[in-house]
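**Student:** structure of the sequence below:
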Amino acid sequence: MTATKILMLGWEFPPNSIGGLGTHTYELTKALANLGVSIKLVLPLKEHAYINGVEFELVPMDRVGGVYSIRSAEDLFGTNPYGNLFEEINKYVYNTTRITSGAKFDIIQANDWLTARAGLELKKLTGKPLIVTMHSTEYDRTAGNPWNFIVEEEKKAVHGADVVVTVSRRLKDQLVGLYGVSSEKIHVIHNAIDRTRFNHKGHANKPRIVLYTGRLSVQKGIDHLIRAFRIVADSDNDALLYIVGDGPEMKNLIELSIDLNLQDRVHFFGRVSDDEIEYLYSIADVYVMPSVSEPFGITALEAMASRTPTIISAQSGVSEVIKNTLKVDFWDSQQMADMILGILRYPAIDRTLSDEAYGELSYITWEESARKFIKLYRELLKN
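**Tutor:** Purely as a prediction, here's the structure:
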């Protein structure tokens, strides 16, 4: 396998990331390199990135980090403080094709529509096969109100690729149903976790902490969590809700907390460092991922790796790989509240969920995901 060379196209990379895309790129690339795959990783970064065994190309861009946390029409054109996303993608295509013109590689691997356009251009220029890994769709990110331009970009990506990988069966079914992609063309390779990264110092007795981490968007269903927490707060005077992350729904969520008279019980942290997130996982009493539509949901695995009892939306891809967690329909705030209170009140539920979920994670590793990609590389080159 050492003779196979992969040109990996990434958009986000820790610490310049806002979601699972950056974590996936870092962890998968590291695991592939450890298994002997030769990788050139192209990133829209000005600062040097490093993984042992990986060659980096840093594409010159206007920003430090390929990160956009705002997706509304108004923000993408003219008023977005991050600049114009579509212009940045065009620059990424131009610069990527320029700096890789003399590179030797066997397969191009792009991540999401953000880098797929560059992947398609490189496929046309070199004749090399293209894998596109889809981490979500525009229908997911907008809770069913997609931008047609981005939908068309995603269609071009999945139809133009030789092979499509999705991070869940749920997302595969979406691509088949919404974009008309052949089921045989799509391979499911779930995300994973490096559980050694996370500590589990034990949870504080008071205040009892309910935690959410991630992007603050309509897709994530945080308003349903806040409504559930209103019920929790009526029964538990010590419970607090910590919301970590930023995004376009921040203002609306703060206003909702005030409307529900929770301004002293719900704390918004904004974006924090990886170290701070790991600390918050370790002191939380329960983690909730209430997504309306979640292609996977790496944060749930991170919470479990911290031995924090976890409640996840039944509408999430991560539910396909984990059994020892509580699952709830995102819209059912009463049931969500009952589950939160059950964990807060009964230590036996806490211990059982956290211990058994932690044990499951020993099988959900990035090395295992990397081995599935390696098998896919071999099949693609053989054919």
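**Student:** which secondary element of the protein has the worst mean pLDDT?
**Tutor:** Confidence across the helices and strands of the chain bottoms out at helix 73-74, with a mean of 36, counting by mean pLDDT, DSSP states H and E.
**Student:** pull out the buried residues from stretch 121-140.
**Tutor:** Neighbour counts over stretch 121-140 (16 or more other Cβ atoms under 10 Å) mark 121-123, 126, 128-140 as buried. For every residue, glycine as well, the C-beta is placed using N, CA and C.
**Student:** how about stretch 269-280?
**Tutor:** By neighbour count, and taking 16+ other Cβ under 10 Å as the criterion, the buried residues in stretch 269-280 are 271, 277-278, 280.
**Student:** and those residues, which two are furthest apart?
**Tutor:** Taking every pair in the buried residues of stretch 269-280 and measuring Cβ to Cβ, the maximum separation is 14.3 Å, between R271 and E278.
**Student:** wait, Y377 sits on I108?
**Tutor:** No. Under the contact definition of Cβ atoms under 8 Å, Y377 does not touch I108, with a separation of 11.4 Å.
**Student:** of the two, which one has the most company?
**Tutor:** When Y377 and I108 are compared for neighbours, I108 comes out ahead with 27 against 22, by other Cβ atoms under 10 Å.
**Student:** who's that one bridged to?
**Tutor:** Judged by DSSP bridges, the bridge partners of I108 are L7, L130.
**Student:** and it, what does it touch?
**Tutor:** For I108, the residues meeting the contact criterion (Cβ atoms under 8 Å, 6 or more residues apart in numbering) are 6-7, 9, 119, 122-123, 126, 128-131.
**Student:** would you reformat these as TSV and include pLDDT and distance to V210?
**Tutor:** Conversion of those to TSV gives the following (pLDDT from 0 to 100; distance: Cβ to Cβ, whole Å):
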residue	pLDDT	distance to V210
I6	97	41
L7	97	43
L9	96	38
G119	97	40
L122	97	45
K123	97	46
T126	96	50
K128	97	48
P129	97	46
L130	98	43
I131	98	39
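**Student:** between those residues, which is nearest V163?
**Tutor:** Checking the contacts of I108 against V163 with Cβ to Cβ, the nearest one is I131 at 4.8 Å.
**Student:** residues contacting the nearest residue to R195 once chain neighbours are set aside?
**Tutor:** Counting by Cβ to Cβ, 6 or more residues apart in numbering, A305 is the residue found nearest to R195 once chain neighbours are left out, at 3.9 Å. A305 makes contact with 193-195, 197-198, 281, 358, 361 under the criterion Cβ under 8 Å, 6+ apart.
**Student:** how far does stretch 368-383 sit from its chain's centre?
**Tutor:** Using Cα atoms, centre = their mean, to the nearest Å, the distance from the centre of stretch 368-383 to the centre of the chain it belongs to is 22 Å.
**Student:** okay, buried residues for that stretch please.
**Tutor:** For stretch 368-383, burial by neighbour count (16+ other Cβ under 10 Å) applies to 369-371, 373-374, 376-377, 380.
**Student:** now for Y377 and I108: what residues contact both?
**Tutor:** Between them, Y377 and I108 share these contacting residues under Cβ under 8 Å, 6+ apart: I6.
**Student:** about what we covered before: tell me which of the contacts of A305 fall in helices.
**Tutor:** Taking DSSP state H, the ones among those that sit in helices are 281, 358.
**Student:** buried subset of the contacts of A305?
**Tutor:** With neighbours counted by 16+ other Cβ under 10 Å, the contacts of A305 contain buried members at 193-195, 198, 281, 358, 361.
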